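Student: After the sequence you'll find the predicted model.
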Amino acid sequence: MTHFARQSLLALAAGLSLAFCAGAVSAVADPAMAAAQPIAQGVVRVASVYGFDDTVSRLRADMAGKGIRFFAEIDQQDLARGAKIDLRPSKLLLFGNPPLGAQFLTSNPYAGLDWPVRILVTQDAAGKVWVAYTDFDYMAARYAITDRADQVKMASDVAGSIAASVAGK
């Protein structure tokens, strides 16, 4: 098989996977909110039962408890305030497991655009706090990563468990 044919097949597989994932991963914990605040393709969103600051603290504690490396917390509301723009509470948490994440980059170095992993904590106009992250099957399709099924599942399970730590019982 020629290089061009192989690349074409990979692109087709990625496109089909992306089309499948796009319809399947826009998970929303509260369907009524989906109409009020649409989310992007490939985003998993979970409602928190805690206030904004408590949600952020609990997520960080859950990561620490799992031995996951925490890289940064970006206060997007504060950045917007500095630009004299009103923004509801919004923090981006960057974290990960370098030995796991590096495996994605060995499959496609451009996957580094989505690693380390990010969780967004935001508060909507009604005061509801949401936790969102990009679905790993969606990311794998985006970067045509077909050789890391076990790692994709592991990353999905970990991100899901972190988000679930604030979803209540």
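Tutor: Everything's here; your move.
Student: At the geometric centre of this protein, which residue do we find?
Tutor: For the chain, the residue nearest the mean C-alpha position is Tyr133 (2.2 Å; Cα atoms, centre = their mean).
Student: Dump stretch 114-125 to CSV, restricted to CA.
Tutor: Only the C-alpha atoms of stretch 114-125 are listed here, as CSV (Å, rounded to 0.1, in the frame of the first residue of the first chain):
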residue,chain,number,x,y,z
ASP,A,114,-5.0,18.7,23.9
TRP,A,115,-2.5,17.3,26.4
PRO,A,116,-2.1,17.9,29.3
VAL,A,117,-5.8,17.2,30.0
ARG,A,118,-8.1,20.1,30.8
ILE,A,119,-11.2,20.4,32.9
LEU,A,120,-13.3,23.5,32.7
VAL,A,121,-15.4,24.6,35.7
THR,A,122,-17.9,27.2,34.8
GLN,A,123,-21.1,28.7,36.3
ASP,A,124,-24.1,29.5,34.1
ALA,A,125,-26.5,32.5,34.4
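Student: Touching stretch 85-94 from outside, list them.
Tutor: Stretch 85-94 is contacted by residues 52, 56, 59-60, 63, 70-77, 80-81, 116-125, 129 when judged by Cβ atoms under 8 Å, 6 or more residues apart in numbering. For the C-beta atoms, the positions are set from N, CA and C on the backbone; glycine is no exception.
Student: and the next element down the chain from the helix or strand harbouring the residue nearest to the centre of the chain?
Tutor: Following DSSP states H and E, one finds Tyr133 within strand 129-134. Downstream of strand 129-134, the first helix or strand assigned by DSSP H and E is helix 136-142.
Student: wait, Ile39 sits on Arg45?
Tutor: Yes: the criterion here is Cβ atoms under 8 Å, and Ile39 meets it with Arg45 at 5.4 Å.
Student: between these two, who's got more neighbours?
Tutor: Arg45 (21 against 16; other Cβ atoms under 10 Å).
Student: what bridges to the residue lying closest to that one once chain neighbours are set aside?
Tutor: Once flanking residues are discounted, Arg45 sits nearest to Ala132: 4.4 Å by Cβ to Cβ, 6 or more residues apart in numbering. Applying DSSP bridges to Ala132 yields these beta-bridge partners: Arg45, Leu120.
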